[in-house]
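K.L.:
Next one to model:
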Amino acid sequence: MSTHAWDTWIALGSAGAIALHLVLRACVASPWIAAAPLYAALLIGGVPLLLRLGREVLAREIGADVLAGLSIVTALILGEPLVGTIIVLMMSGGTALEEYATRRASSVLAALARRMPRTAHRRDGARLVDVPAETIAIGEVLVVLPHEVCPVDGTVIDGHGRMDEAYLTGEPFEIAKTPGSTVLSGAINGDTALTIRADRRPVDSRYAQIVQVMEAAERNRPRLRRIGDRLGAWYTVLALTLGGAAWIASHDASRFLAVIVVATPCPLLIAIPVAVIGAISLSAARGIIIKKPAVLEQITRCRTLVFDKTGTLTYGRPSLTEIVGIQGMAENEVLRLAASVEQYSKHPLAGAVLREAERRQLAIPIADSVSEKPGDGLRGTVAGRRVRITGRQAPGLPPLSLPPVEAGLECIVLVDDRTATLLRFQDTPRIDARSFVSHLRPRHGVDRIVLISGDRPREVEYLARTVGIGEVHASKSPEDKLALVTAEVARGPVLFVGDGINDAPAMMAATVGVAFGRQSDVTTEAADAVVMEPSLARVDELIHIGRRMRRIALQSAVGGMALSGVGMVLAALGWLPPVAGAVAQEVIDLLAVVNAVRVAVPHEALQDF
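P.N.:
Just a heads-up that it's a prediction; the model follows:
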């Protein structure tokens with residue numbers, strides 16, 4: 001049985017034992033019969049907890065839980081099984097909740113693994129032979145059947161269809177495929193079978209590389225300590241020292257017991273989880289899913305904020321804004337030919353060309369063949385005409401008199417090797433991007449704001465100027481993003497906000513990773529928090545909720561321990577006997593928990609820009 005399941009059963013059993021004890025105490029005269037369920041719970045649940053705490057002590061990991069373990073033993077010595085069972089309930093319940101909320105690294109890799117096929121269909125003459133995917137060699141001819149996942153990176157050599165590549169691009173649309181089109185491992189085929197030639201082995205595919213990068217990010221992710229552990233370390237030493245000094249000075253062991261009982265750190269074990277659960281509930285009500293509770297504490301300490309560009313600071317849907325420089329062809333004819341080949345491309349600008357053609361109600365012909373090679377652009381043959389779409393810096397272009405675009409993106413369309421037109425695009429920044437960025441430093445104490453993107457430098461730098469970001473990293477791969485974020489984390493806590501699967505490795509490496517929207521199941525699995533509505537205002541709300549949760553949790557924990565400290569002094573002086581100390585501690589616990597409940601009821605604006 002897993003640790004998480006065991007802690008859950010201990011918590012449920014302890015709660016049941018307490019309920020049965022209260023019923024028996026009201027109905028049965030014998031105190032031993034009424035206490036029997038409590039002793040059973042302490043035997044079944046308390047002993048394993050004490051053994052685990054003993055191992056922590058041997059490993060020199062002294063925190064709040066260690067003092068709680070001593071309190072269980074003390075409660076038994078004092079003949080107070082109810083107190084001991086309540087402590088067992090709080091310890092096991094808190095551990096179960098934390099482990100459940102933070103188990104996500106394995107599910108990230110499972111989400112990736114579920115997309116990868118175990119077998120492939122190899123073309124052997126006129127028949128198909130199923131072979132293990134790992135045995136595929138470069139150059140082999142495979143068939144991807146309808147609705148299957150593509151097993152390798154390759155090139156279509158026969159068939160016309162569509163593939164869903166949203167797992168990588170984050171864009172919710174399918175890409176048309178024709179002979180010459182590239183296909184990516186992990187993409188989901190549409191309604192027609194495609195014959196492809198393997199260009200890479202599965203182990204060398206882009207998809208496999210992302211899996212490997214994420215595995216490395218998971219292994220190297222730093223451990224985060226809870227607030228309660230940090231506070232409990234010195235609190236435990238203080239309680240034991242004071243109790244031991246009282247015992248030595250008075251030669252009365254009951255004073256040591258009284259100090260330990262009143263020092264039971266329930267404000268740490270109860271109030272902090274209550275505050276965290278309240279913050280999680282409030283976040284969910286605001287459309288923010290907290291996957292790792294530690295994010296609520298850590299996000300307020302992040303002094304470096306790293307943004308992805310497309311879909312995060314922009315709307316992620318470039319639009320065609322201008323068609324200029326037409327030579328000898330009608331504007332709609334150029335757009336129609338461009339749309340014919342762009343329907344087979346995964347480039348973000350392809351969607352903008354297709355949307356504009358559809359808006360103009362143009363009939364988009366089927367391309368006879370297409371080819372898209374890095375640095376060469378997109379080439380295709382449409383109704384006997386050669387069409388090429390590429391960038392201004394591509395080799396072999398005829399002279400172009402039009403000046404380059406100052407803001408946004410552009411591409412050049414050539415028909416039959418002659419320049420036909422220049423298409424200009426713009427991916428609009430989010431309306432609240434600049435105001436959000438500008439208030440991060442004064443309001444949230446952010447020292448550095450970094451923009452990182454796989455897009456070309458000109459476009460990334462334009463967006464950075466528009467929204468007010470000074471540090472820019474353009475043309476970066478997922479591996480580059482991971483390396484940059486890892487380097488930043490080495491200098492201090494980092495908040496990373498992204499939306500595509502190519503952001504997932506960096507998201508896992510960051511101190512806090514926030515996924516923007518729900519475009520990719522892998523991205524949302526990798527994130528510590530998911531903002532369901534693509535809005536920077538929700539990111540701001542998450543920071544505010546984390547700040548308020550931390551403040552109230554510390555109020556409950558520190559305030560409760562301060563009151564417990566007063567009780568410990570009174571107990572050490574002999575003015576507070578053990579039973580009275582236990583009652584006083586329960587009152588302190590109640591006050592701490594009532595204060596912690598306030599987290600779920602906000603009384604201030606959750607976003608302020």
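K.L.:
List the buried residues in the longest helix anywhere in the chain.
P.N.:
In the chain, assigned by DSSP state H, the helix with the most residues is helix 536-572. By neighbour count with 16 or more other C-beta atoms under 10 Å, helix 536-572 contains the buried residues 536-546, 548-550, 552-561, 563-565, 567-568, 570-572. Backbone N, C-alpha and C define where each C-beta goes, glycine included.
K.L.:
Low-confidence stretches in the stretch 451-600 of the chain?
P.N.:
The model of the stretch 451-600 of the chain has pLDDT under 70 over residues 500-501, 517-525, 579, 582-583, 586.
K.L.:
need the helices for it, in chain order.
P.N.:
With helices called from DSSP state H, counting those that start in this stretch, the stretch 451-600 of the chain shows them at 457-467, 478-491, 504-509, 521-526, 536-572, 578-597.
K.L.:
will you turn those helices into JSON lines that also has distance to Ser181?
P.N.:
Converted to JSON lines, those look like this (distance: least, C-beta to C-beta, whole Å):
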{"stretch": "helix 457-467", "distance to Ser181": "25"}
{"stretch": "helix 478-491", "distance to Ser181": "22"}
{"stretch": "helix 504-509", "distance to Ser181": "25"}
{"stretch": "helix 521-526", "distance to Ser181": "24"}
{"stretch": "helix 536-572", "distance to Ser181": "36"}
{"stretch": "helix 578-597", "distance to Ser181": "57"}
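K.L.:
of all the ones you listed, which lies closest to Leu194?
P.N.:
helix 521-526 (23.5 Å; C-beta to C-beta).
K.L.:
so Glu56 sits right up against Val66, yeah?
P.N.:
Yes - at 6.3 Å, Glu56 counts as touching Val66 under the criterion of C-beta atoms under 8 Å.
K.L.:
quick one, which of those two is more surrounded?
P.N.:
Higher neighbour count among Glu56 and Val66: Val66, with 20 against 14, using other C-beta atoms under 10 Å.
K.L.:
Might you report the residue contacts of that one?
P.N.:
Counting by C-beta atoms under 8 Å, 6 or more residues apart in numbering, Val66 touches 53, 56-57, 232, 236.
K.L.:
and what of Ala120?
P.N.:
By C-beta under 8 Å, 6+ apart, the neighbours of Ala120 are 130-133, 136, 142, 151-152.
K.L.:
is it true that it lies in a strand?
P.N.:
Yes - checked against DSSP: H, G, I helix; E, B strand; the rest coil, Ala120 lies within a strand.
K.L.:
before we move on, what SS does the closest residue to it other than its chain neighbours have?
P.N.:
Closest residue to Ala120 apart from its sequence neighbours, by C-beta to C-beta, 6 or more residues apart in numbering: Pro151 at 4.3 Å. Classification of Pro151 by three-state DSSP places it in coil.
K.L.:
Let me see the domain layout of the protein.
P.N.:
If you go by automatic domain parsing, the domain ranges for the chain are 1-103, 116-218, 227-287+549-600, 291-315+430-532, 319-426.
K.L.:
The residue nearest to Ala120 contacts Arg201, doesn't it?
P.N.:
No - Pro151 is beyond contact range of Arg201, at 10.3 Å (criterion: C-beta under 8 Å).
K.L.:
how near is the residue nearest to Ala120 to Val593?
P.N.:
The gap separating Pro151 from Val593 is 54 Å, by C-beta to C-beta, to the nearest Å.
K.L.:
So for those two, which sits in the more crowded spot?
P.N.:
Pro151 (27 against 18).
K.L.:
element containing Ile86?
P.N.:
helix 81-102 (DSSP states H and E).
K.L.:
Could you give the average pLDDT over that helix?
P.N.:
Average pLDDT, helix 81-102: 66.
K.L.:
ok, now stretch 244-262?
P.N.:
Per-residue scores along stretch 244-262 average to 80.
K.L.:
okay, how far is it across it, tip to tip?
P.N.:
End-to-end distance of stretch 244-262 (C-alpha to C-alpha, to the nearest Å): 14 Å.
K.L.:
tell me which strands and helices the lengthiest strand in the chain is in contact with?
P.N.:
Secondary structure of the chain per DSSP state E: the longest strand is strand 418-426. Where contact means 3 or more C-beta pairs under 8 Å, 6 or more residues apart in numbering; DSSP states H and E, strand 418-426 is packed against strand 319-324, helix 331-342, helix 348-359, strand 409-415.
K.L.:
What residues sit buried inside the first one?
P.N.:
Within strand 319-324, the residues that qualify as buried are 319-321, 323, counting by 16+ other C-beta under 10 Å.
K.L.:
All the strands of the stretch 101-250 of the chain, residue numbers only.
P.N.:
For the stretch 101-250 of the chain, the strands defined by DSSP state E, counting those that start in this stretch occupy 119-124, 127-132, 141-144, 154-158, 161-164, 174-177, 182-183, 188-189, 194-198.
K.L.:
Now the weakest link among the ones you listed, please, by mean pLDDT.
P.N.:
strand 174-177 (a mean of 78).
K.L.:
Show me what that one is packed against.
P.N.:
Applying 3+ C-beta pairs under 8 Å, 6+ apart, one finds that strand 174-177 contacts strand 161-164.
K.L.:
Could you pull up the residues touching Leu463?
P.N.:
Contacts for Leu463 (C-beta under 8 Å, 6+ apart) come out as 309, 313-314, 427, 429, 451, 469.
K.L.:
Now for the residues you listed: which two are most distant?
P.N.:
Every pair of the contacts of Leu463 checked by C-beta to C-beta; the farthest is Asp427 and Ile469, at 15.3 Å.
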